[in-house]
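> predicted model follows, preceded by the sequence.
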Amino acid sequence: MKEIELVGLDKKVYIEKLNNGLEIYLIPYDNKKNYYISYTTRYGSDINSFKVNDKEYNPPLGVAHYLEHKMFEEESGIDPFTFFSETGTDANAATSYDNTQYICYGNKNFKENLRYLIKFVNSPFFTDENVEKEKGIITEEIKMYRDIPDYKLEMQLRECLYHNSPRRIDIAGTVEEIEKITKEDLYSCYNNFYSPNNMFILIVGNFNIDEALEVIKEELKDKHNKPSPDIITKPEQKEVDKPFYTLEENIDIPKIGMGIKIPREIFKQKDMELELYLDIFSKMIFGPSSTFRERTRSNKLLNDIYTEIETTGDYIVYYLYATSTKVDELINEINKEIIAMKLDKQDFERAKKVLIANEVKATDSIERMQNCIHDDLVRFKKLFPNRIETIKKLSFSTLKEIINKIDFGNKCTVKMIKKRN
Amino acid sequence: MQYIKKDLGSFNLHMIQTDKFKTITLRIVFHSPIIKEDITKRLALSELLLQSSNNYPTRRDLTIKAEELYSADVYSNTSRVGNYINTSFTISVLNDKYTEEGNMEKAIEFISDVILNPDVKEKGFNKEKLEVVKNNINVSIDSVKEDTVGYSLIRLGESFDKTSPVSYRMIGYKEDLDKIDVNNLYEYYEKVINNDYIDIFVIGDYDKKDMLQIIKKYFRFRTIKKKKASYELKPKKCRSRRLIAKETINNSQSKLAIACPISKLTPYEKQYVLPLANIIYGGGTDSKLFKEVREENSLCYSIYTSARRLDSLLTIQAGIDKDNYKTTLQLVTKILEELKRGKFTEKDISTAKELYKTSIDSIEDYEYQIINEYFKEEILELDNYKDRYKNIDKVKKSEITKVFRKINMDTVFLLEGVEE
């Protein structure tokens, strides 16, 4: 077992890898009552076509998410939610573009809960009947999200940004597609992507590392890998699909979504370093203390703003979402800001200070800690124990170099306005 | 963890010392009985104070200052708690151990400046800043239907009892917003500062004596204390026939919301029995509603109940297809009737007790939950959470059944999704 210190954060990570490839990351806390266990496969809605032994699989869209729901089906008939609730433990699961995680969260019965979590994720039980039963539930889930204007805006923006990427489509699929899902689809996806060498267990909080390792080894050391499937992807164009789009919806206050599509290959920086630079850039230009916000807010052009950076492997997308009663004027302001961008060294140093402080603060909550570490393990397949040192070393000149390389013209703007009657 | 409460005349200081967190969090809560016409003013005030102060002329200046204090989080919140309206201002800052000597005190000075040294000239707030805030409130009022769950609960409250604070829109009202100007808002500010009940909570790893001096230095009020009105609303009698209210919305999903007034709960029932009844009926993924309505009948994705002790109300919320409205309502009603007849097991009770205990156990993991807990204990005369943990085990099935019998469906609101 390896022991790695998260430098400057008073925390250690214990790492083990089983012979079958399963990775284990343990971050114990001695001043918390709760523990947070996640068992994750690096399989999500990004994969919708693959090949095994020359046979191609193209399951209906939304299958990874459907599979997540149906993993809670047990041959014994005992519902995992019931098992966990009996000791006051919360359980849940979440499917994303690039992973599916099963979690349990509580402060009692650690060993048995960990064992049960592994067991239920390792024992699929799908029947025609139980697969059919889920359609109503997931249809309502899809509809619930589809009614949220911000969600619709995001989906439309994704469609405009990408030509072929699965990120154009809702993680849960569509009502029409999920109708087609069969138990055979679920088994083929499960068998190919829930293999130990594609999975990891992360535990954060109040637990004993020896107990955790003992249970994980007992439950998983004999689990074998299936041959890794070849994932079929369609090449994605560098340019955005549609630069402008107007969406008429049942809303009163207009919204915009913007996405700048940047090819990963133009940068030589390592993943984490690059993300930190982009994050700092975002704070400087559109962040809470930016001159842009002060100006647009004072002119009543901006009511709400939110930015996000997404990496998909080949592309980095910088997202900006905003609400404004004068949406066209706001779009102009954003475009002007991008063209006449002034990067200030003082703002840069302050943004670094904020990032470092936020790293330290995040360790106070086991959920935030889990989120940060989980995210790195999914996207980069490794930990970054020296984040604070890396942030300290970021230089203003490198930031300018990075920003100069970006083609800010390769962007989409989606406008959501009130539907005309 | 050590808790000390000090009555400093114009406010109560609650000092919670713990080494569990790397931050020190200070929250100041202003509370007074709720008046419908004042809600919008109060919202405007709590947002306006974070736009600028006498020492920091713009929102950007304020934000830069907070960032320089090693990314101190500063925010305000206004909400209804039973019969009261509470406005809190919070600052959370890294302990000096992780920053530099004196940073924490500067942060407390900063939040005091924001609240007590506002951007005011000639008994009026800054006009431009107020316009920005009014525009924001206007936008949030106009966007009310975007959050369909929240909107269905607002409409449920209004259908249930128009005169009760349960029906108040905590996003504010346009007619009240229009009346706000720089002078009358300043008058209201003075009223809040001078008349509201005030509680200050400080949690983190600090020296008690030093903290007391710091707080006394930066927070001075002339609050006149009166005898407190109760936080609890008077329970409303249940209608003899259910009221059914509907509204359509251009959406794919419909939202069902049901209000059930709870009659004549004893203090013991409110504290110990109602939470368990809520968990059993619709409090989580092992509840009767989740199992029967979602898992067995595939009628929804989301369904849950909330017990609002101070309002003597239990609400039920579900996202459904409009064609399933009748079936869902019948099922939800049938399950409640069964619970009234005692159709739940000892295992259901022990599971609910375990879930309850986990939530109590979790309190100490989060500074905000600890503050909330002590605030609740202060104003609602709740037993200490450690005692609640012990006492919950004593609750008997007959007591839970008795509480279920006090829960009756009064108003059903359907926000019917109709796709154009």
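The structure has been received and is ready for your questions.
> going by C-alpha atoms from here, please, whenever you check contacts or count neighbours.
Noted.
> SS state for the residue nearest to residue B:144 when sequence neighbours are not counted?
Across the structure, with C-alpha to C-alpha, 6 or more residues apart in numbering or on different chains as the measure, the residue nearest residue B:144 apart from its sequence neighbours is residue B:151 (6.3 Å). Local secondary structure at residue B:151 is given as helix here, using DSSP: H, G, I helix; E, B strand; the rest coil.
> report the separation between residue B:151 and residue B:233.
Relative to residue B:233, residue B:151 is positioned 22 Å away (C-alpha to C-alpha, to the nearest Å).
> whichever residue of chain B sits closest to chain A: how many residues sit nearby?
Using C-alpha to the nearest C-alpha, the closest approach of chain B to chain A is made by residue B:355 at 3.8 Å. By the other C-alpha atoms under 10 Å in any protein chain shown criterion, the neighbourhood of residue B:355 contains 24 residues.
> that one against residue A:81, yeah?
No. Residue B:355 lies out of contact with residue A:81 (C-alpha atoms under 8 Å); the separation is 11.8 Å.
> picking that back up, now do the contacts for the residue of chain B closest to chain A.
A:85, A:86, A:87, A:88, A:89 (C-alpha atoms under 8 Å, 6 or more residues apart in numbering or on different chains).
> which members of those are the farthest-apart pair?
Largest separation among those by C-alpha to C-alpha: A:86 and A:89, giving 7.2 Å.
> who's more crowded, those two?
More crowded of residue A:86 and residue A:89, by other C-alpha under 10 Å: residue A:89, with 25 against 20.
> pull the contacting residues for the more buried one.
The contact partners of residue A:89, taken as C-alpha under 8 Å, 6+ apart, are A:104, A:105, A:106, A:107, A:108, B:355, B:358.
> so which of those residues comes closest to residue B:305?
Proximity of those to residue B:305 (C-alpha to C-alpha) peaks at residue B:355, which lies at 15.0 Å.
> where does residue A:234 sit: helix, strand or coil?
Reducing the assignment at residue A:234 to three states with three-state DSSP gives coil.
> now do the spatially closest residue to it that is not a sequence neighbour: how many residues are near it, please.
Nearest residue to residue A:234 in three dimensions, chain neighbours excluded: residue A:164, at 6.2 Å (C-alpha to C-alpha, 6+ apart). When neighbours are counted by other C-alpha under 10 Å, residue A:164 registers 15.
> check residue A:402 too.
Neighbour count of residue A:402, defined by other C-alpha under 10 Å: 18.
> same question, the one 5 residues further on
Around residue A:407 there are 12 other residues, counting by other C-alpha under 10 Å.
> now do it against chain B, distance only.
Note on residue A:407: its distance to chain B, by C-alpha to the nearest C-alpha, to the nearest Å, is 29 Å.
> quick check, that residue in contact with residue A:262.
Yes. Counting by C-alpha under 8 Å, a contact exists between residue A:407 and residue A:262, whose distance comes to 7.2 Å.
> mind listing what residue A:219 touches?
Shown in contact with residue A:219 (C-alpha under 8 Å, 6+ apart): A:115, A:118, A:119.
> may I ask which of those has the most neighbours?
With neighbours defined as other C-alpha under 10 Å, the most crowded of these is residue A:118; it has 20 neighbours.
> that one belongs to a helix, doesn't it?
Yes. Using three-state DSSP, the assignment for residue A:118 is a helix.
> so what's it up against?
Neighbour list for residue A:118: A:39, A:216, A:219 [criterion: C-alpha under 8 Å, 6+ apart].
> can you pull the pLDDT of the last one?
Read that as residue A:219. The score at residue A:219 is 96. That number is its pLDDT.
> tell me which element it falls in.
With elements taken from DSSP states H and E, the one containing residue A:219 is helix A:209-220.
> helix or strand right after that helix?
Sequence order places strand A:230-231 as the next helix or strand after helix A:209-220, per DSSP H and E.
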